[in-house]
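Engineer: Sequence first, then the predicted structure, then my questions.
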Amino acid sequence: MELPRWSFLEAAEGLLARYSLSFWDSLIVAACHNVGVERLYTEDFDAYPRIGGLEIVNPFAG
């Protein structure tokens, strides 16, 4: 298992400040950006339908 590089953690820190995400949520979004994920299904990001190139989808929203 490879540990995150500083650039990855700095990207998460930038997301944390820019979008007022929690530390753990910013790490999830940074990880998605890092590996090229285009869509994230979660019920926890209702305030942001898109963060950068990442589409946020709430699977329970009607």
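Structural biologist: Nice, thanks for sending it over.
Engineer: roughly how far apart are residue 32 and residue 62?
Structural biologist: Relative to residue 62, residue 32 is positioned 24 Å away (C-beta to C-beta, to the nearest Å). For glycine as for every other residue, the C-beta is placed from the backbone atoms N, C-alpha and C.
Engineer: again, but for residue 28
Structural biologist: For residue 28, the distance to residue 62 equals 24 Å [C-beta to C-beta].
Engineer: The two - which one has more neighbours?
Structural biologist: Using other C-beta atoms under 10 Å as the criterion, residue 28 and residue 62 rank with residue 28 on top: 19 against 3.
Engineer: does the more buried one really touch residue 40, like I thought?
Structural biologist: Yes: counting by C-beta atoms under 8 Å, residue 28 does reach residue 40; the two are 7.4 Å apart.
Engineer: Give the helix, strand or coil label for the residue lying closest to residue 48 once chain neighbours are set aside.
Structural biologist: Excluding the flanking residues, the one nearest residue 48 by C-beta to C-beta, 6 or more residues apart in numbering is residue 56, at 5.6 Å. With DSSP: H, G, I helix; E, B strand; the rest coil as the basis, residue 56 sits in strand.
Engineer: what does the one 5 residues further on give?
Structural biologist: For residue 61, the secondary structure call by three-state DSSP comes out as coil.
Engineer: Strands of the protein, residue ranges please.
Structural biologist: With strands called from DSSP state E, the chain shows them at 39-41, 50-51, 54-57.
Engineer: what pairs with the second one, and is each one parallel or antiparallel?
Structural biologist: By that I understand strand 50-51. Note on strand 50-51: by DSSP bridges, its sheet partners are strand 54-57 (antiparallel).
Engineer: So what's the gap between the strand it pairs with and the chain middle?
Structural biologist: Taking C-alpha atoms, centre = their mean, to the nearest Å, one finds the center of strand 54-57 at 9 Å from the center of the full chain.
Engineer: same thing with stretch 38-53?
Structural biologist: Going by C-alpha atoms, centre = their mean, where stretch 38-53 is centred and where its chain is centred differ by 7 Å.
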